[in-house]
Structures are given as structure tokens and as C-alpha cells.
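Visitor: A structural model of the following input is requested.
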Amino acid sequence: MLRILALVTGLLVALPAAAQVAPFPASFVTRDIPVSGATIHVRVGGKGPAVVLLHGYGETGDMWAPLAARLATTHTVVVPDLRGLGLSSRPAGGYDKKTQAGDVEGVLAVLRIDRADLVTHDIGNMVGYAYAALHPDRVTRFVIMDAPVPGVGPWEEILKNPLLWHFRFGGPDMERLVAGRERIYLDRFWNEFSADPAHFTEASREHYAALYALPGAMHSGFAQFAAFDQDALDNKQLLARGKLPMPVLAVGGEKSFGPQMATVMRFAAGDVHEAVIPNAGHWLMEEQPEATTTVVVKFLDGAK
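Guide: This is a model prediction of the structure:
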């Protein structure tokens, strides 16, 4: 098996051997880009108008490989690992989504990209919304997939869903409980949030569990959720500035958020389009990669 080298708090640490997920095209390059308070691991490939793909919890930027391969024929594709996750560094703070929007801004500045489309999932939605609201003139189109945004629309009602217990799970005691059991913890999400758990492959489970078992990775993951209260406050201030002006495609899995994604985003954007991916739960790129890719590409190409 291949061994991956991970950048962890400035040190190179060998990642345990694990099955690999679908690879990015060989033409893609990886870079570790310093931003304010962190170093962001980024995959870049293709040629044309830029598109940024932001992943969520339980995965890394690796989730986007099939979509990145398709988009790279017509776009410059930028795929970061979020602060604290994947092969990005794990700083002590900065997990509020406004700060992470600054990470995106910093990456694009180094790459000399002024405008881009956004495609986001899960925690990536929250970072993407903050970036789009702070820099509406720099986002051409925005695809947001299967997760709510703190403080937007029926956020308080969504928090009452018992399936979202993990939004309040964290802290030193929880980290000690999960240490060495990362796969057990993550399997629950991959299973419960899938329409069919078999579609989240064993190779993907091994790959992501190994990444989340790196020193500090679970702490950083919990920090993403711990920041939600601050994110909600920040987003209410951003909402007060007005709705997002760019076209937004709100995508939900049929067995997950479904059309509720569009309902949520109509509180935050003026031009919202709706898509529901059949036979999919939350893990759209794992469960229905072809259908999800087709919907995203059509929207980014301007098809209504």
C-alpha cells in the first residue's frame, strides 16, 4: 500500500497505510499554501474559469475526485482540505467559518484567481456561504449541497433533530473516548446518513478513518462544530447586508435534506434553483457520483 505524508503542526508524519479512494487526474498538482494562521493543502488542475470545491466533515477534499476530473476539462479546479482536516495543518483556533472563508481567500490570492464558482458540501457549505456573503463580487455561481447553514432560515428547528446530536458533541472527554476508535465513530455517520450504507465503500472508510486518526484531527473536527454558535451570529450579520446575488443551486439527497436545501437557501439568496438527487442520502458524491456530477456541471455551464 502507498503511504501518505501528512503535514501536522509543521511536522511530517507518516499516515498509516490504507485503501485509497478514487484518485485525482495525474495532471493535478498538490500545494501546501500558507494562509493566516494555517497551511492549507490544495489540489489544482485543469484550465479555464476557476471553480473551488469545499468538502465537509467525515471526508476531505479527496471526495471530489470524480467531479474534479469532469470539471477539469473546462475549468481550473481548486480543491482545498479545510483547516484542521485532511492534510491541512491543525492550528489551535480559527474554526469559525468567517476565518475559514479567509483561508479560501488566501488560497485564491496565491493562485492569482479573482473570481470562481463554488461547489460545497456539509461543513464546506458553511465556509462557502461565509465566503460568498463576504465577497459576492468574486463568486460567479454557487452549488451548495445537503447541509444547513448556521443562523440561516429554520436553523433553530434543524438543531432539534436528534440525528444531529453530534453538533454538540466534543471536548477533552469526548476526544479521549474516540481516540483509537475513529473508524467506529465515523462509521455511524457514514451509515446513518446514507440511503444505502454499502454505497460508502470500504476503501473510502479506511482512507478517511486513517486521516481522522492523525494527531489532532478529531480535535479539529470537533472544533468545526463547536464554532456553530459563533457562525450563526456571524451569518445573521451577513444576512443583514442582503441576499446573495449570484445564482445558487441547492442540492439535497432524496433521503436526506432533499428540497429543504432550497427552502433554507431562499432565506439567503435571491436566485435559488433546486435539485434533488434520487436514491441518495447525505453523502452525494459517494452514493450517486454520476448523477451529482451531472447536476453540478449543467448548472455551472449555465443550463437551467
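Visitor: For the helix or strand residue 107 falls within, which helices and strands make contact with it?
Guide: According to DSSP states H and E, residue 107 maps onto helix 97-110. When contacts are defined as 3 or more Cβ pairs under 8 Å, 6 or more residues apart in numbering; DSSP states H and E, helix 97-110 packs onto strand 29-35, strand 38-46, strand 50-54, strand 76-80, helix 123-134, helix 228-240. In this view, the C-beta of every residue, glycine as well, is placed from N, C-alpha and C.
Visitor: what mean pLDDT would you report for the helix or strand hosting residue 293?
Guide: Assignment of secondary structure by DSSP H and E places residue 293 within helix 289-300. Taken as a whole, helix 289-300 has a mean pLDDT of 98.
Visitor: what residue ranges in the stretch 151-300 of the chain score low on pLDDT?
Guide: Scanning the stretch 151-300 of the chain for pLDDT under 70 picks out the ranges 155-156, 158-173, 175-176.
Visitor: Now do the strands in it.
Guide: Residue ranges of the strands in the stretch 151-300 of the chain, as given by DSSP state E, counting those that start in this stretch, are 248-253, 272-277.
Visitor: Pick the most deeply packed of those strands.
Guide: Highest mean neighbour count among these (mean count of other Cβ atoms under 10 Å): strand 248-253, with a mean of 26.
Visitor: Could you pull out the buried residues of stretch 83-101?
Guide: Neighbour-count burial for stretch 83-101 flags 83-91, 94-101 (criterion: 16 or more other Cβ atoms under 10 Å).
Visitor: average model confidence for it?
Guide: pLDDT averaged over stretch 83-101 gives 98.
Visitor: how near is residue 72 to residue 128?
Guide: 20 Å (Cβ to Cβ, to the nearest Å).
Visitor: before we move on, what about residue 66?
Guide: Taking Cβ to Cβ, one finds residue 66 at 19 Å from residue 128.
Visitor: The two: which is more packed in?
Guide: Neighbour comparison, residue 66 and residue 128: the larger count goes to residue 128, with 27 against 17 (by other Cβ atoms under 10 Å).
Visitor: Just give me the neighbour total for residue 226.
Guide: By other Cβ under 10 Å, neighbour count at residue 226 equals 17.
Visitor: For it, give its distance to residue 89.
Guide: 18 Å.
Visitor: And for residue 252?
Guide: Taken as Cβ to Cβ, the span from residue 252 to residue 89 is 32 Å.
Visitor: Also residue 255?
Guide: 35 Å.
Visitor: just residue 214 next, same as before
Guide: Counting by Cβ to Cβ, the gap from residue 214 to residue 89 is 11 Å.
Visitor: got it, and residue 76?
Guide: For residue 76 relative to residue 89 (Cβ to Cβ), the value is 24 Å.
Visitor: before we move on, what about residue 212?
Guide: From residue 212 to residue 89 the distance is 15 Å (Cβ to Cβ).
Visitor: Same question for residue 191.
Guide: Applying Cβ to Cβ to residue 191 and residue 89 gives a distance of 30 Å.
Visitor: how deep is the nearest residue in space to residue 95 that is not next to it in sequence tucked in, by neighbour count?
Guide: The spatial neighbour of residue 95 that comes closest, neighbours along the chain excluded (Cβ to Cβ, 6 or more residues apart in numbering), is residue 223 at 4.1 Å. Using other Cβ under 10 Å, residue 223 has 20 other residues around it.
Visitor: same question, residue 43
Guide: 22.
Visitor: Kindly state the beta-bridge partners for it.
Guide: Beta-bridge partners for residue 43, by DSSP bridges, are residue 30, residue 79.
Visitor: That one contacts residue 25, doesn't it?
Guide: No - contact between residue 43 and residue 25 fails when scored by Cβ atoms under 8 Å: they sit 9.7 Å apart.
Visitor: Now do the shared contacts for these two.
Guide: Taking Cβ atoms under 8 Å, 6 or more residues apart in numbering as the criterion, residue 43 and residue 25 both touch residue 68.
Visitor: What's the separation between residue 200 and residue 286?
Guide: Taken as Cβ to Cβ, the span from residue 200 to residue 286 is 5 Å.
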